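**Q** Compute the structure for the input listed below.
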Amino acid sequence: MRWAWTRRAWLRPAAGLAVLAALVAFVGTGPFLAGLRLIDAPALAAALGIGVVTTVSGAWRWSLVAGGLGVRLPMRAAVAHCYRAIFLNSTLPGGVLGDVHRAVRHGRDAGDVARGVRAVVWERAAGQVVQVVIAVAVLAAFPSPVRRYLPALAAVGVVTVVALVLVARAVPRSGASRLARVARTALTDVRAGLLARRTWAGVVLASTVVFAGHLATFVVAARTAGADAPLSRLLPLTLLALLAMALPLNVGGFGPREGVAAWAFAAAGLTAAQGVATGTVYGALVLVASLPGAVVLLMRPTGNCR
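**A** So this is what the prediction gives:
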């Protein structure tokens, strides 16, 4: 069992390396190096400023969900944990180890590891749902390589949601079986942590701000890399690359993001090299914006979650 888990853990960064190797074979190393050379002080300042807004908003969302689940999380501690997690996500393979660390760390501090982990899972899930909804709206409003497929994708999404609802309703919520316990816990978590009157609006607002911040950073990266296309044309392309980051198949954040950016930019009449350069600049800007997390790593834990 342990060997199988280790193999799966290494398969993800290996997939990211494979994507990068394919990109290097296709466009060469030039776009990667050119993107890094084009980064200037205004781009770094913008990334740091946007990073503060997105990190604080993400910490607020986490604090709301954790509070709803009954594990107190002060904002000061949440911001420190989030900065540390972002830094670890940006520097370690997989892109999720920082979130695993903050989930377990908060759970231990709060005296309930299970709830601490579930709080991170639910707040991340809420962010993904809001991101998908906004992404569909933006991709439907502006021309993009996937615009023609949106009706089919929307239909698949509706069917998936309906199927999940039906499955959830079919799962027994009484009894002592493991499935019943999991169903009761999940339903209680969603009601208390996400849909409660005191949390849902804040979760939606925070998730929207976080996503808007990531998208703004990607646009800054595209402009820094030399993409001068109108914003209405550029926004959907950067959005597609941003969505690719949800795949945990990367090395320090690099991999699928650059691959999708290369495809999207080329499909939209720009160049694959410009897409790769944009993804590279974005990765560097995110790393710089996460550097306060390195400081947090060197400090003693901030705050107490009890």
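
**Q** Just the element for the closest residue to residue 204 other than its chain neighbours, please.
**A** Closest residue to residue 204 apart from its sequence neighbours, by CB to CB, 6 or more residues apart in numbering: residue 130 at 6.0 Å. Using the backbone N, CA and C atoms, a C-beta is placed for each residue, glycine as well. Following DSSP states H and E, one finds residue 130 within helix 113-141.

**Q** Give me the packing partners of that helix, helices and strands only.
**A** helix 41-68, helix 97-110, helix 150-170, helix 178-189, helix 200-224, helix 231-244 (3 or more CB pairs under 8 Å, 6 or more residues apart in numbering; DSSP states H and E).

**Q** contacting residues for the residue nearest to residue 204?
**A** Residues in contact with residue 130 (CB atoms under 8 Å, 6 or more residues apart in numbering) are 203, 204, 207, 208, 211.

**Q** burial measure for the last one, as a count.
**A** Spelled out, that is residue 211. Residue 211 has 22 neighbouring residues, counting by other CB atoms under 10 Å.

**Q** any idea how far residue 140 is from the closest residue to it other than its chain neighbours?
**A** Nearest residue to residue 211 in three dimensions, chain neighbours excluded: residue 131, at 4.9 Å (CB to CB, 6+ apart). Separation of residue 131 from residue 140 (CB to CB, to the nearest Å) stands at 15 Å.

**Q** What is the neighbour count of the residue nearest to residue 211?
**A** Residues near residue 131, counting by other CB under 10 Å, number 20.

**Q** picking that back up, quick one: distance of the helix holding residue 130 to the chain centre.
**A** On the basis of CA atoms, centre = their mean, to the nearest Å, helix 113-141 sits 8 Å off its chain's mean C-alpha point.

**Q** Determine the angle, from 0 to 180 degrees, between that helix and helix 200-224.
**A** If you take axes from the mean of the first three to the mean of the last three CA atoms, to 10 degrees, helix 113-141 sits at 60 degrees to helix 200-224.

**Q** for the record, mean pLDDT for helix 113-141?
**A** Mean pLDDT, computed over helix 113-141, is 92.

**Q** and if you look at stretch 207-222?
**A** Here stretch 207-222 scores 95 as its mean pLDDT.

**Q** list the buried ones in it?
**A** Buried residues in stretch 207-222, counted by 16 or more other CB atoms under 10 Å: 207-211, 213-222.

**Q** Next: stretch 108-120.
**A** Across stretch 108-120, burial judged by 16+ other CB under 10 Å covers 109, 110, 112, 113, 115, 116, 117, 118, 119, 120.

**Q** What is the neighbour count of residue 89?
**A** Neighbours of residue 89 under the rule other CB under 10 Å: 25.

**Q** residues in contact with the nearest residue to it once chain neighbours are set aside?
**A** Closest residue in space to residue 89, ignoring its immediate chain neighbours: residue 98 at 4.0 Å, by CB to CB, 6+ apart. By CB under 8 Å, 6+ apart, residue 98 lies in contact with 84, 85, 86, 87, 88, 89, 90, 92, 293.

**Q** Of the residues you listed - the most surrounded one?
**A** residue 85 (27 neighbours).

**Q** Quickly note the distance from it to residue 293.
**A** Using CB to CB, residue 85 is found at 7 Å from residue 293.

**Q** what does residue 113 give?
**A** In this view, residue 113 and residue 293 are 22 Å apart by CB to CB.

**Q** Repeat that for residue 183.
**A** For residue 183, the distance to residue 293 (CB to CB) stands at 36 Å.

**Q** Over to residue 200?
**A** Distance, residue 200 to residue 293, by CB to CB: 28 Å.

**Q** So what's the gap between stretch 83-100 and the chain middle?
**A** Centroid separation for stretch 83-100 versus its chain: 11 Å, with CA atoms, centre = their mean.

**Q** what about that stretch, how long is it end to end?
**A** By CA to CA, to the nearest Å, the extent of stretch 83-100 from end to end equals 13 Å.

**Q** Same check on stretch 220-237?
**A** Using CA to CA, one end of stretch 220-237 lies 13 Å from the other.

**Q** One more: stretch 191-207?
**A** End-to-end distance of stretch 191-207: 18 Å, with CA to CA as the criterion.

**Q** in it, what counts as buried?
**A** Buried, per 16+ other CB under 10 Å, within stretch 191-207: 192, 193, 194, 199, 203, 204, 206, 207.

**Q** Out of those, which comes closest to residue 58?
**A** Ranked by distance to residue 58 (CB to CB), the buried residues of stretch 191-207 are led by residue 206 at 6.8 Å.

**Q** residues in contact with the residue nearest to that closest one when sequence neighbours are not counted?
**A** Spatially, and ignoring its direct neighbours in sequence, residue 206 is nearest to residue 61 (3.7 Å; CB to CB, 6+ apart). Residue 61 makes contact with 123, 126, 127, 202, 203, 206, 207, 210, according to CB under 8 Å, 6+ apart.
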